[in-house]
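Student: here is my input, please return the structure:
(chains A, B and C, ligands or ions: 3)
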Amino acid sequence: MMNRGILQALQKIYPADRLLTRDVELLPYESDALTAFNAKPGAVVLPVNEEEIIDTVRLCHQLALPFVARGSGTSLSGGSLPIPEGLTIGLNRLNRIKKIDPLQRIAVVEPGVINLHITEAAQPYGLYYAPDPSSQSICTIGGNIAFNSGGAHCLKYGMTSNHVLAMKVVLADGTVTRFGGESVDGVGIGPDLVGLFVGSEGLFGIALEITVRLMPQPELYQTVLAAYDDLGRAGDAVSMVVASGLLPGAMEIMDRLAIKAAEASVSAGYPDAEALLIVELEGEALQVEAEFEQLLGIIEKSSAIEVRVAQNEEERTRIWKGRKGAFSAVGRLSPDYIVQDGVVPRSRLGEALVEIGALKDKYQLDVANVFHAGDGNLHPLILYDGREAGALERAEALAGEILALCISLGGSITGEHGIGMEKRDYLPAMFSEEEIDIMEGLRRAIDPNEIANRGKMFPGGEAPALSQHGVHPLERAGLISRE
Amino acid sequence: MTMYAPRSVTELQALVLDSERIHVIGNGSKPALHCAVNGAAIVDLSGMSGIIEYQPAEYTATVRAGAPVRELSAALREKGQYLPFDPLLPEAATIGGTVASNLSGSRRFRYGGVRDFILGAQVVDGEGRAFGVGGKVVKNSAGFDLSKFLVGSMGKYAIMTELTFKVFPDVPRFRSLGFHYEELEEALSAIYFINQSAYELDALDLAPPSVHPINRGKKNGNWMLLARLAGFDDTLPRRVERFTAAMTRDTATIRVEELHDSAALWNPLADLTGEFLVKVVIPPKQLPAFDALIAHNRRRYSVGGNIAWAATDDIAQLDTALTSCGLTGLCLSGAVDSALIGVPIDNALAERVKQVLDPLGKLV
Amino acid sequence: MATAIEKCVHCGFCLAACPTYNLLGEEMDSPRGRIYLMKNVLEERLSADDAQPYIDRCLGCMACVPACPSGVEYGDLLVSYRALQEDQRRRPPLDALARKLVIETLPYPRRFRLAAQTGKLSKALTAALPDAFAAMLNLLPAKLPPALPIPPVMPAKGARRGKVALLPGCVQQVLAPEINYAAAQLLAANGVEVHNPPGAGCCGSILLHIGAERQARDIARRNFTQFPADVDAIITTAAGCGSGINDYELLFKSQPDAERATEFSQKVMDFSAYLAELGLRQPAGFEEERRVVYQDACHLLHAQSQHAEPRALLNQIPNLRLLEIADAGMCCGSAGAYNIDQPAIAAQLGQRKIESILAVQPDVIVSANIGCITQLRQQLDRLGNPLPVLHIAEILHQACAD
Ligand SMILES: Cc1cc2nc3c(=O)[nH]c(=O)nc-3n(C[C@H](O)[C@H](O)[C@H](O)COP(=O)(O)OP(=O)(O)OC[C@H]3O[C@@H](n4cnc5c(N)ncnc54)[C@H](O)[C@@H]3O)c2cc1C
Ligand code: SF4
Ligand code: SF4
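Tutor: Numbering: from 1, shown residues only, chains lettered A, B, ... in the order given. Ligands and ions are numbered 1, 2, ... in the order given. You can find the predicted model right below:
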């Protein structure tokens, strides 16, 4: 239960129905899409306009009350996990698209706007919003900004950061500031503050208004589905495509287990195979047709056991529906899972997959692989049954080894899901002590009380109620230490 | 004014620790950025040069900040790749200078600017600490993205020593077209038409009547919209045909001509002579109001009308014009007190970074 | 129940589809939130009474089911949970009274007719009555239409292409007898022999919807004996009944008559689905273009995944232009007894729905469910808009009459 004084202060900003304090109202906010962690917030507020958010952040700063912003709670790294007894600020009601300007190809939106809704609003003008996380039908732009979310179609035009031109934000100490503009050059002059804010995982403050660029809908898509009897061959095909100089809009791979889950979920009609590669070309029709010829030539040489080409929009949608639903579809195969998000250099994909295969045998757990092959962003889904004693620990240990593997191959521990709660102890494996010091310094320069999303991203700190933790595998491997 | 040319990160760190005020230049290709640094030690990074690692199959390249842009471009070209943000001064600038000043040429239109292609950096900050920001793989969202912050940071927050970029495959063929319009508004409508169409242009610039060589000297010359298509031999001619047909169908073009595609044609600064050269970040919709105020100046509207380049001898007048339009300009050449003119930038967040990276305010 | 809860991986994909989440914007009123609440009640972390208001606010529209990649059987979960709680539940006296009225009146056409007529008398009293009553009374038209009796057997016209029995339904029989009348005529005109067993009645879904499981079973059992066994299908013109009967397997799980229930439910087919499969015999169509919005009933779209069938039928009609609306899959707020239980939310959903319908400027609204039809009529009345709302059987009947 939250302190009376704090509640009274919140009551001055929020009517009773938008200030949630009873258990029954708080429990559903206990976790995001990473259910291995949960923590009951002290209260949840549901602002409906920018002023309320600013007032709330200022109040939190004054009272040193930790807060976490929440969009749709689909974070896979515990980003919107509440801070125990802290405040959760639900932004989903700020869901207005304030402006669509088709001439300049921009949209101005509130932070709680759902990613896909921007595309829907832009569609009548032949435009769309490019970053397409698999969760695009429900995740919010605010959440996308926090994690610099990407998607299958980010190979050519980039992730969230590459599509945000301007922002108005309230920093954690209550300062309201704006940067960027409606020009496609964005910030353009002076340090790129949009670039800095995007990906800051809610630690700098809350985005209040976001200007994004829209893209013209490609005239033509050509979507090719190639099946392989070996995961490594699918990886090789990716390298061949890259080497050819083609720049596809998307290159995705799914392995047998992921195919099975997706198939059970949406009956996409995928072929029965060890691995599936989806390559999609997009752009001006004449150009795409020429590239398509070239692509088919490459795929033919890649020892695919079956090749299918989407003949119409419906077939294309079906292929993508299977891919986009693959994560949650894994819920059909296993009661619990952990998704990892490591990145390896594209040319070492094959190596990484073989290594993951060996690890899963070692830990006797199933791992489904669904990933953005074009940019080396792996998404191994580690399946486990939380009711089985020790299963979570084994899954965690396996996850840790996969992350260590990504680092040792010269990659990153997260491509798009963020560090959040889940990977905060792995940060030291990627950054030196000094680098982390500097980042923490920056955080404190913006947020002296460390109230914004306290406990996330940086190692240590007070931990919310976890349903876990053994010795960290990186610790065991001597890569990090928590002293 | 003392000049230093460190040859290593350690030397640079020592220099930062020993200096009270320090200012970095790459090759000095944008002199206005080096005004108002009286008394500061000048650091020339051209001694820290060379490509460290280039992996065509990864689409990544890491270079030292003092490396000339042309060196990197040549290496990329050999493998059929390029820097899609199109460094503005490909012959004179260094990589570090290009990032620090965030200057992109016309081809930025296709895929994006410097910020969209920087992956990571090694830096030395105002405290003399050497560290890395960002990463080396094409996708990474661990930690705060200080590498993007460095884009446009003018050396005031940290000195870049090494930079990693994402690169793309380039295309072999280009065709350039010029579309003539009597009025700016008409040319702008054509830009809007292109914005909503699926034609993929490599570059799109707008040249006012007085500026473009074709129009120069004529009293009532036309606005010329310069469009560039890139692609392969087999499809390019037909794409040019389709595009031209579409452009002449619905818009008020009075003449179309095929232009000789050259680096000079696509250098937005080619014709801009004047004491001061200024970059302005502008939403296309503001072009008519702004243009009316600076119509007597040499200028070119680049990147689909989103970046204005203007040359002037009267910087005060340009400053007033910018202010009245609510715009900011960055002065690249000419003697000015501050390189920033027009409306000041809201720096609240940048100031916090300064507190951390350079609390003593050494980097100017 | 446990597997349904376990399968939920908390991904949130279902939130976008849920009308109450869209309207109320809080996690407790989302499918994910409700599942989590039910889980916490079952694990005794939360009292059932606390959770109840949020479960009550669930429309049961099942939009969350096709939206869930993980395959959570939300419908089964909800029905089982409601049934479990129902037994242990104490309700405030007025609610309990309204509930009793629903249980004892709605499924029985004669009683309902009577209640409706007396209810009409008390329309003047609505202002003084609690919301729940007011909503119920508002459901009723000013004047009940006269009953339209259908003969027990209607012979097929021309060559016989099929033989079916028609499920009479409950509320619909009283409020809109013209629907089944049109359906019977149309089927016959298309070569189908139509049986109308006089003893058949309500399917019990409305009771199941409010958690009155036992009463629902009693009512369902009566139907098993009433229908001829040799028909190709038992046709329903009420989407709610169709999906309710689909749930018989669950309703009769480990109960006497389980097998009969399954057999019965497998025979039941929605009117549009049956006719779409059969195909219309050369419909005459309309003289002038008619702009038509087809309003998807949740029970057809989500519970029985029928999207194409009704549209295919309408597209067969010359001069009928089918229009698509924004958020077509979003519930109109009628949802069984929802209008009665949650009048405020129902009204808001109704308002949204009618706004997106009117935005495309139709001449006629068509639906396949009496609940939706009533809800939309009410919304139009409120706006003083005389736009007709027809059952799909009616418009097809009009279009096929020469
Ligand atoms: C099945 C599934 C598939 C997914 N697929 C992808 C994918 O393909 N690519 C990908 O990148 N991600 C993916 N994700 C992860 C997730 O959807 C993204 O991280 C998304 O951006 C989170 O959005 P949200 O609205 O749910 O944010 P939340 O989870 O509510 O919040 C995420 C973080 O954002 C912060 N935040 C929210 N709003 C603001 C704001 N206005 N200002 C500042 N900070 C804010 C929160 O504090 C929190 O730290 C997937 C998730 C699931 C469950
Ligand atoms: S979509 Fe399915 S798995 Fe995801 S939260 Fe909803 S019910 Fe749970
Ligand atoms: S049945 Fe309808 S109202 Fe209930 S949770 Fe599912 S979508 Fe929401």
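Student: list the contacts for the residue of the stretch 301-402 of chain C found nearest ligand 3?
Tutor: Nearest residue of the stretch 301-402 of chain C to ligand 3, counting by C-beta to the nearest ligand atom: residue C:331, 6.3 Å away. (Each C-beta comes from the backbone N, C-alpha and C, glycine too.) By C-beta atoms under 8 Å, 6 or more residues apart in numbering or on different chains, the contact list for residue C:331 reads C:19, C:59, C:61, C:63, C:298, C:349, C:353.
Student: quick check, nearest of those residues to chain B?
Tutor: residue C:353 (31.6 Å; C-beta to the nearest C-beta).
Student: secondary structure class for that closest one?
Tutor: Look at residue C:353: counting by DSSP: H, G, I helix; E, B strand; the rest coil, its state is helix.
Student: now the residue nearest to residue A:71 when sequence neighbours are not counted. Its backbone dihedrals?
Tutor: In space, and not counting its chain neighbours, residue A:71 is closest to residue A:140: 3.2 Å by C-beta to C-beta, 6 or more residues apart in numbering or on different chains. Here is the backbone geometry of residue A:140 (degrees, to the nearest 10): phi -100, psi 160.
Student: got a list of what residue A:140 touches?
Tutor: Contacts of residue A:140 (C-beta under 8 Å, 6+ apart): A:71, A:72, A:91, A:92, A:95, A:111, A:112, A:113, A:114, A:115.
Student: would you say the second one is within a strand?
Tutor: In other words, residue A:72. No. Counting by three-state DSSP, residue A:72 falls outside a strand, being coil.
Student: now do the contacts for it.
Tutor: A:92, A:114, A:135, A:138, A:139, A:140, A:143, C:12, C:15.
Student: residues near the last one, how many?
Tutor: So the one you mean is residue C:15. Applying other C-beta atoms under 10 Å in any protein chain shown, we find 26 residues neighbouring residue C:15.
Student: quick one: it from ligand 3, how far?
Tutor: To ligand 3, residue C:15 is 9 Å away according to C-beta to the nearest ligand atom, to the nearest Å.
Student: tell me if that residue really is in a strand.
Tutor: No. Assigned with three-state DSSP, residue C:15 falls outside any strand and is helix.
Student: residue contacts, it?
Tutor: A:72, A:138, C:21, C:30, C:31, C:32.
Student: ok, 6 Å please
Tutor: Going by C-beta atoms under 6 Å, 6 or more residues apart in numbering or on different chains, residue C:15 touches A:138, C:21, C:30.
Student: so which of the contacts of residue A:72 comes closest to residue C:70?
Tutor: Using C-beta to C-beta, residue C:12 is the member of these that sits closest to residue C:70, with 11.0 Å.
Student: ok, and the closest non-adjacent residue to residue B:284?
Tutor: residue B:305 (3.9 Å).
Student: residues touching residue A:43, list them.
Tutor: With C-beta under 6 Å, 6+ apart, residue A:43 has these contacts: A:2, A:21, A:87.
Student: and the residues you listed, which is the shakiest by pLDDT?
Tutor: Lowest pLDDT within the contacts of residue A:43 is found at residue A:2 (83).
Student: give me the pLDDT for residue C:90.
Tutor: For residue C:90, the model assigns a pLDDT of 61.
Student: what's the local residue count around the residue in the stretch 151-300 of chain A that ligand 2 sits nearest to?
Tutor: At 10.1 Å from ligand 2, residue A:265 is the closest residue in the stretch 151-300 of chain A, using C-beta to the nearest ligand atom. Per other C-beta under 10 Å, the neighbour tally for residue A:265 reads 21.
Student: likewise residue B:353?
Tutor: Using other C-beta under 10 Å: residue B:353 sits among 26 other residues.
Student: next one: the one 3 residues further on
Tutor: Residues near residue B:356, counting by other C-beta under 10 Å, number 23.
Student: could you do the one 3 residues further on as well?
Tutor: The local packing of residue B:359 (other C-beta under 10 Å) involves 13 other residues.
Student: now it: which helix or strand?
Tutor: For residue B:359, there is no helix or strand it lies in under DSSP states H and E.
Student: who touches it in this structure?
Tutor: Residues counted as contacts of residue B:359 (C-beta under 6 Å, 6+ apart): none.
Student: mind running it again at 10 Å?
Tutor: By C-beta atoms under 10 Å, 6 or more residues apart in numbering or on different chains, the contact list for residue B:359 reads A:441, A:445, B:125, B:126, B:127.
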